[in-house]
Structures are given as C-alpha cells and as structure tokens.
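Visitor: just need the structure, nothing else, for what follows:
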Amino acid sequence: MKVISFLLTATLAAAALPVSEIKREAPVDFAREIYPVFKRNCLACHNSTKAKAGLNLETPELILKGGENGPAAVAGRGAESLLLKFASHKDDEAMPPPDNKVNAVNLTADELGLLKLWIDQGMKGTGPATALPVAWRGTSSRVQPVTAVALSPGGSIAAAARGNQVTLLDVATGTPLGSLIDPELAKLELYKDKPAADRDAVMALAFGGDDLLATGGYRTVRLWRRSPVTQRESATLADAATCLAASGKVAAAGDAAGRVWLWDSSAEKPQAKELKDHTTAVRALAISPDALWIVSAAEDRSVRVWSVADGSVVHRTESPVPVTALCFLKDGTLLSAAGNDGMLRVYPFPGDTPAVVSTPAAAPKPMGEFRLTDKAPAFCTPAEKEGTSIVWGSGDAVLHVFDAASGKNLRDVTCEHPLAKQVPAAERRVQSAQRQVDARKARATAATEAANKETEGVKTAHEAMEKARADWQRKQDTARAAADALRVLPEDKARKEAADKSGKEAVAAERAFTNARTNAELTVRLAGQAQQARVAADAALTAAQTALTEVQANLEPVKKAAATPFPAVKCATVCADGHTILLALDGGRAQWHSLDSGALCDTAELPGSSLITATGEQFLAVRADKKTALLPQRRAWQLERTIGSADDAAIFADRITALSFSSDGRLLATGGG
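Guide: Residues are numbered from 1 along each chain as shown. All right, here's what the predicted structure looks like:
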C-alpha cells in the first residue's frame with residue numbers, strides 16, 4: 001500500500017503545472033486580470049446558468065461560497081485553495097479536464113501565479129459588469145477604410161461605413177446625401193465635430209427597403225428611416241398664388257388680382273408685403289441672383305421691375321406675348337422669358353437701376369429669340385446660376401435642357417416613371433413565391449411518400465406481431481403439454497428433454513413477440529409523426545400557393561399602373577447640386593430625378609402643394625391653404641430605434657459584423673464576433 005501511495009504521489013507531482021512566483025505591490029484586479037482567464041477556460045462549465053459541482057466562478061463572492069467540495073478558495077491562503085490545486089493539477093481532479101468539449105486549455109504558469117497572488121492578497125474585486133465599463137475613444141481620422149457598403153433595393157441609394165461614420169450617396173447623380181447622425185452622440189464632446197452614427201466602428205450595413213437602413217456597432221443595431229418631408233411654415237398669402245420665385249432669403253408670389261407679395265423667407269414669422277401695379281393676374285416671377293430686383297409679368301403682357309429694398313416699381317414695359325415663365329441666367333445679366341407662343345426670348349438685364357417711367361416703355365428687343373414648342377411651356381428654370389442653360393417642360397415626362405445663348409437644345413431627359421421599378425420588384429416577388437411553392441411541393445410530395453411508407457410499415461409490423469403472437473401461443477401450448485407429460489413420468493429422459501426444448505422455444509417465442517410488439521408500437525408512432533409532417537407540409541404548400549396567388553394577382557395591377565401616363569408636371573426647380581431636379585406633380589406629390597439620366601431618385605408627399613421653387617439650400621412651396629413652407633433639398637435619414645446596448649451583453653454579446661433583412665423588410669438577421 002505504501003508503494004502504491006508513493007507512486008500515486010509521484011505521478012501527481014510529475015503532472016502538476018508550474019506556478020510562477022509573481023511579486024508586485026499593486027493589487028490584482030479581478031475584473032481585468034482574473035475574470036478574462038476564467039472566461040476563456042472555466043466559465044463554460046462554472047457559471048450562473050451551468051454550475052458543475054455547484055461552483056460558480058463569476059464573482060469573488062461566489063468563489064468564496066464554493067460548491068459541493070466547500071469554498072473554492074480561502075482569502076490569504078492561495079497555495080491551500082482548492083481552486084489553485086485543481087487548476088495547477090495538484091489534485092486528482094485536474095481542471096480543465098483533458099479532452100473537454102469546450103476546448104478549454106490549462107492555465108499558464110503566469111496565469112496560475114496571478115491567481116495565487118490574487119487569493120493571497122485577499123480575493124478583492126467585483127464582477128466585470130461594474131468593474132469594466134467601456135471606455136470609448138474617438139476613431140482615427142488618418143486611416144478610415146470602407147468597412148461596409150450596402151445598396152438600397154431600388155438601387156437609388158448607396159451607403160458606406162468608414163469608422164463610426166456612415167455616408168449616403170445618390171446613385172443616379174453621384175450626389176452626397178449626408179451622413180447618419182445619432183442625436184444622442186451629437187451631444188457628446190467627443191463627437192461634436194464629427195457626424196457619428198455609432199460609438200464603435202460600423203462593420204455591417206443592410207437596407208430593409210429604400211427608406212430603411214440598419215447599421216451594426218458594438219452590441220448594438222441601429223435602425224434608420226428616411227423621414228417624410230418636413231415643412232417649416234413661412235408667410236401666409238392673402239390669395240392663392242399663381243406663380244412663385246425665390247433667391248436667397250427673398251421670396252415672392254403673384255396672384256390673380258395682379259398683386260405681387262414679397263417676404264423674407266428666413267424670418268421666424270414672416271409677413272408678406274403687398275406690391276400692386278398690375279391690373280391682371282401675375283403669371284410669371286423672377287428674382288435676380290443678388291436678390292435686388294423682382295421681375296413680374298402679367299396676363300395683359302405688362303412687365304414690371306421692382307426694387308426689393310423698398311418695393312417700388314423701377315421699370316415698366318410690355319412683352320410681345322403673355323409670358324408664362326421667367327428666369328435669370330448668367331449671374332443675373334440675362335433674363336429669359338418663355339411666352340405662350342412657345343418662344344423663348346432672352347434679354348440683357350442692366351446692372352444699374354433702370355429709370356422709372358410713368359408709362360410703359362416699348363417692348364425691349366430680345367438679344368435672342370428661339371422656338372421651344374408649339375404651345376406654352378409649363379415651366380422654365382435655370383439649370384445653373386452662372387451659365388445660360390435652362391430646363392423647360394410642357395408638363396409631360398420629358399425635360400428639355402436648352403442653351404439660351406446659342407439656341408441649341410442640349411439634351412432631352414425622359415423622367416423615369418414613378419412605378420417603373422415596381423414592375424421588376426413585383427416580378428421578383430412572383431419568382432420568389434414560385435420557388436417557395438416548388439420547394440414546398442417537393443417537400444409535401446416527400447412527406448406524403450414517407451407517410452405512405454410508414455403506414456405500410458404499420459400494416460407489415462402488425463402482421464409480424466400477430467404472427468409472433470400466434471407462434472408464441474402455439475409454442476406455449478406445446479411447452480405446457482410437455483410439462484404435463486413430464487409430471488406423469490418425471491424420470492423419463494426423453495420427456496425431460498422435450499420439456500426443456502419446448503420451454504426454451506416458448507421463451508424465445510415470447511421474446512420474439514415482445515420485440516415484434518415493440519416494433520409495431522414504434523411504427524405506429526413513426527407513422528403518426530409522418531402523418532403530422534405530411535399535414536404540416538401540405539399546410540405550408542397551401543400557404544405558399546396562397547402567397548403566390550396574391551403576388552400574381554398584384555403583378556397585373558402594378559404593370560397596368562406603370563403603363564399609365566406620367567403624372568402631369570406643374571413646375572420644376574433644379575437642386576443646389578446641379579444634377580438633381582425636383583418636380584411638383586398633380587396630386588401633391590414631389591419627385592426627384594437625375595437631370596442627366598432622368599432616373600428617379602426619390603419621391604415624397606407634399607399635401608396641398610401646388611408651386612415650388614429653389615431658395616438657396618432649401619425649397620419654397622405654396623400650399624392650397626395659401627400658406628408657404630420651406631422644405632429641405634432631400635428627405636433626411638433619422639435614427640428610429642436602437643436595439644441592444646454597449647453596456648449590456650443580454651441581446652448582443654459582441655460587435656455586429658453581419659446584417660441581412662428579409663425580402664419584405666420585416667425580419668432582420670444579425671451575426672457577430
């Protein structure tokens with residue numbers, strides 16, 4: 001026995017792990033130095049959810065409490081603690097066990113030395129939740145590679161993540177649409193100069209529709225939605241507007257009574273000032289780029305030049321025909337006028353103040369006169385401030401870019417129908433639904449075949465069981481008869497052998513019957529499961545067929561709607577980027593299109609709006625209720641919801657590195673590190 005004890009002790013000593021002797025005055029931090037070691041190698045089996053041997057190693061208090069073997073450690077006595085003995089393999093219960101299923105590895109000599117020192121120092125500290133708050137730092141501004149990109153389903157918007165910033169881009173025009181900004185982060189000093197979408201680097205992006213975007217950060221997913229057009233009310237007019245113009249903060253509108261209304265659109269509560277010199281309805285207005293002059297044209301061909309400073313008329317004249325649209329070109333040195341005869345007339349506009357005349361002067365001679373169309377243009381707007389090109393239209397889907405200096409048509413741009421993209425999207429939904437039907441039909445067929453096979457198996461197993469039962473009963477009767485015969489002549493060797501043989505055959509037959517009955521019961525259970533699977537597969541197929549019918553029924557109306565004429569364009573204005581044009585359509589709808597390709601960039605509802613014009617970095621609109629409103633150049637993206645928290649691993653354990661929406665945008669899948 002002494003020899004065995006000696007050999008066992010020698011074996012354990014040989015298998016023990018080395019423990020470093022660490023000397024330092026600074027206390028060992030449990031949350032920062034000990035807990036990560038446990039997390040890598042111990043907590044998979046010793047946590048609040050799964051505590052093997054009753055031991056939880058998540059906090060010093062729980063370690064002191066210990067488990068089935070008593071306290072795992074005693075403060076101040078590291079070498080004697082069970083925790084160190086098990087971890088250093090100085091006990092027959094070595095931890096972690098060899099060939100464990102969680103890939104835990106033995107602690108290193110330094111880790112064991114640190115653990116011993118922590119116990120010797122009194123096992124002080126708290127758990128990681130309170131001891132390890134996330135300390136955020138700003139992202140590097142020197143190297144910021146793109147870590148994630150995404151394209152909206154309609155292909156109109158691209159998103160790119162660099163560090164903790166996410167920028168958006170209009171694909172059709174290449175125009176930047178700004179950056180995503182978390183309003184709570186914007187309040188922090190760390191991000192006051194940067195548009196921060198997250199505190200962490202954004203590693204994943206996904207669009208759930210043209211108006212929904214998800215971004216992944218550290219333990220968080222943020223959902224962003226493109227908001228409706230926000231309107232800030234401006235001046236209220238006395239009558240319905242017939243035309244509208246703006247330049248900088250100066251805005252003007254004309255009405256059917258011949259009045260021109262002038263106001264400061266940047267004022268908090270602007271009051272429109274009435275200017276009256278026309279006697280018929282004002283049909284066209286233009287404000288010079290320097291916001292010093294207003295030109296108005298009325299139905300009776302009267303044209304007036306007004307001073308913005310005091311609202312006085314500085315020039316009166318007449319046009320050859322009634323003017324339907326006016327706009328300044330070439331930094332205000334040229335004035336173009338589109339007449340109801342379809343002609344575009346270009347006039348030089350003086351830089352000095354025109355002399356006031358009491359009676360209308362003769363119509364000035366245009367420096368250029370060009371045929372645009374056979375009817376009155378619906379609108380005419382400058383394509384650029386410094387140049388001489390204009391964009392005009394007759395109210396249909398075609399925009400014409402025209403050079404007012406040379407009289408040449410530069411290009412015709414056909415605007416994409418607002419429902420055009422819905423047709424391929426609807427066709428994709430039909431194709432997807434058809435694939436679902438095909439897959440579920442195959443699954444239902446397989447389930448039916450399996451159910452039929454299992455049902456046939458029940459019949460076969462039942463027949464085998466009944467056959468085994470009959471054989472058992474027959475052999476049991478034979479065994480009883482042999483036993484009865486043996487009792488008559490107990491010393492008869494032949495009868496004894498017959499009784500033994502028949503008894504064994506009866507036992508074997510009983511065992512065979514028991515097995516057959518068990519098999520029959522199993523086949524009945526499997527057949528029931530197969531029938532349930534068949535019913536579920538049939539139900540799934542029915543649901544898929546119903547979904548297919550619905551999307552197929554929706555396809556034709558979508559095609560029919562897309563084939564309808566383009567909505568009537570009431571007016572248009574070019575955006576500040578020079579590549580996008582905003583159309584105001586019948587019914588209070590606004591559409592942004594690429595001025596280069598006509599591609600649809602965005603749509604929005606503008607309830608009651610009838611006229612719209614650009615004013616600096618905003619738009620000005622007139623509504624049916626006679627109120628005017630300022631609108632943003634494009635719809636903004638706003639944070640709608642944040643899922644998870646950087647300080648809580650309950651929802652997401654770590655950084656989000658992958659995101660994907662379902663085709664309908666209702667489900668979001670996440671993947672993380």
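
Visitor: helices of this structure, start to end?
Guide: Counting by DSSP state H, the chain has helices at residues 2-15, 35-41, 60-65, 82-87, 109-120, 128-131, 183-186, 422-488, 493-562.

Visitor: out of the ones you listed, which comes closest to T317?
Guide: Checking those against T317 by C-beta to C-beta gives helix 493-562 as the closest, at 47.3 Å. Yep, even glycine has a C-beta here, placed from its N, CA and C like the rest.

Visitor: which elements pack onto that closest one?
Guide: Packing partners of helix 493-562 (3 or more C-beta pairs under 8 Å, 6 or more residues apart in numbering; DSSP states H and E): helix 422-488.

Visitor: which helices and strands sit right next to the helix it packs on?
Guide: By 3+ C-beta pairs under 8 Å, 6+ apart, helix 422-488 packs against helix 493-562.

Visitor: I figured N69 was touching L83, is that so?
Guide: No. N69 lies out of contact with L83 (C-beta atoms under 8 Å); the separation is 10.1 Å.

Visitor: okay, these two: which has more neighbours?
Guide: L83 (23 against 13; other C-beta atoms under 10 Å).

Visitor: gap between that one and V391?
Guide: Look at L83 and V391: by C-beta to C-beta, to the nearest Å, they are 79 Å apart.

Visitor: how about V74?
Guide: Using C-beta to C-beta, V74 is found at 85 Å from V391.

Visitor: the two: which is more packed in?
Guide: V391 (22 against 16).

Visitor: against V569, how distant is that one?
Guide: Applying C-beta to C-beta, the value for V391 to V569 is 11 Å.

Visitor: again, but for L582
Guide: In terms of C-beta to C-beta, L582 sits 10 Å off from V569.

Visitor: ok, these two, which is more surrounded?
Guide: L582 (26 against 21).

Visitor: distance of that one relative to V574?
Guide: From L582 to V574 the distance is 8 Å (C-beta to C-beta).

Visitor: D300 too?
Guide: Taken as C-beta to C-beta, the span from D300 to V574 is 30 Å.

Visitor: neighbour count: the two, which is higher?
Guide: Legend: neighbour count by other C-beta under 10 Å for D300 and V574, higher for V574 (20 against 14).

Visitor: find the nearest non-adjacent residue to that one, please.
Guide: Counting by C-beta to C-beta, 6 or more residues apart in numbering, I581 is the residue found nearest to V574 once chain neighbours are left out, at 5.2 Å.

Visitor: I'd say that neighbour and V569 touch.
Guide: No. Applying C-beta under 8 Å as the test, I581 and V569 come out as separate, 10.1 Å apart.

Visitor: name the helix or strand of the chain that has the lowest mean pLDDT.
Guide: Sorting the helices and strands of the chain by mean pLDDT, DSSP states H and E puts helix 2-15 at the bottom, at a mean of 40.

Visitor: buried residues in stretch 617-624?
Guide: Within stretch 617-624, the residues that qualify as buried are Q618, F619, L620, A621, V622, R623, counting by 16 or more other C-beta atoms under 10 Å.

Visitor: now those residues as TSV including pLDDT?
Guide: Output for the buried residues of stretch 617-624, formatted as TSV (pLDDT from 0 to 100):
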residue	pLDDT
Q618	89
F619	92
L620	92
A621	91
V622	90
R623	85
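
Visitor: which ones among those are found in strands?
Guide: Among those, DSSP state E puts Q618, F619, L620, A621, V622, R623 in strands.

Visitor: quick one: pLDDT of the nearest residue to T523 once chain neighbours are set aside?
Guide: Distances taken as C-beta to C-beta, 6+ apart put A461 closest to T523, at 4.2 Å, once the chain neighbours are dropped. Per-residue confidence at A461 stands at 92 (pLDDT).

Visitor: my guess is S663 contacts A425. True?
Guide: No. Using C-beta under 8 Å, S663 makes no contact with A425, being 9.7 Å away.

Visitor: just grab the bridge partners of the closest residue to L620 other than its chain neighbours for me.
Guide: Once flanking residues are discounted, L620 sits nearest to A246: 4.8 Å by C-beta to C-beta, 6+ apart. On the basis of DSSP bridges, A246 is bridged to A251.

Visitor: any idea how many residues pack against A246?
Guide: Other residues near A246 number 27, with proximity taken as other C-beta under 10 Å.

Visitor: so it touches S288, yeah?
Guide: No. Applying C-beta under 8 Å, one finds A246 not in contact with S288, separated by 11.5 Å.
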